[in-house]
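Enquirer: would you be able to build a 3D model of this:
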Amino acid sequence: MIDVDLIKKLVDIVSYSNIEELRIGDRDIRITIKKSTKPYKIQEIPQESEKPQEISSEDKEYREGLFITSPIVGTFYRSPKPDAPPFVEVGDEVKIGQTLCIIEAMKLMNEVKSDHNGIIKQILVENGEPVEYGQPLFIIEPIGEN
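Expert: Here you go, the predicted model:
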């Protein structure tokens, strides 16, 4: 069984360090984590790592609200099955723990749940599109206590 939390921590280490590639494994599983050279339109940079960058007015629009990001590399699905309605639509109110989408990875369906109470402001990925670890999927405007 793959420890997703451990993989997230390792990806974070690679993301915020000078490490370009990390390889780990044992008899059953081998994992290689490489820094992506593909820039995302939305990317939060830790304040302590770099001085602030100029943000275009187009990017400011996207930076308002909280990001829900992909916990793994896989394929993004908005609904539990092809003929079912999407889990959420723009404008929907969501609660902490509510399923927002599914990311399929290695034939496993992984639910992505909201970490916040809020309103879905934007859905940033198309149904069936491949996603990377940490890629923003949704922007949520927070409401109430989280």
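
Enquirer: in the protein, which helix is the longest?
Expert: helix 4-15 (DSSP state H).

Enquirer: what's the distance between Gly134 and Ser15?
Expert: 7 Å (C-beta to C-beta, to the nearest Å). Quick note: C-beta positions are derived from backbone N, CA and C, even for glycine.

Enquirer: now do Phe67
Expert: In terms of C-beta to C-beta, Phe67 sits 15 Å off from Ser15.

Enquirer: how many neighbours does the residue nearest to Gly118 when sequence neighbours are not counted have?
Expert: Sequence neighbours aside, Ile140 is the residue nearest to Gly118 in space, at 3.9 Å (criterion: C-beta to C-beta, 6 or more residues apart in numbering). Neighbourhood size, Ile140 [other C-beta atoms under 10 Å]: 23.

Enquirer: three-state assignment of Ile140?
Expert: strand (DSSP: H, G, I helix; E, B strand; the rest coil).

Enquirer: what residues does it make contact with?
Expert: Taking C-beta atoms under 8 Å, 6 or more residues apart in numbering as the contact definition, Ile140 lies against Gly65, Leu66, Phe67, Ile68, Val94, Ser114, His116, Gly118, Ile119, Ile120, Lys121.

Enquirer: let's have the residues you listed in JSON lines, adding secondary structure.
Expert: Output for these, formatted as JSON lines (three-state DSSP):
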{"residue": "Gly65", "secondary structure": "coil"}
{"residue": "Leu66", "secondary structure": "strand"}
{"residue": "Phe67", "secondary structure": "strand"}
{"residue": "Ile68", "secondary structure": "strand"}
{"residue": "Val94", "secondary structure": "strand"}
{"residue": "Ser114", "secondary structure": "coil"}
{"residue": "His116", "secondary structure": "coil"}
{"residue": "Gly118", "secondary structure": "strand"}
{"residue": "Ile119", "secondary structure": "strand"}
{"residue": "Ile120", "secondary structure": "strand"}
{"residue": "Lys121", "secondary structure": "strand"}
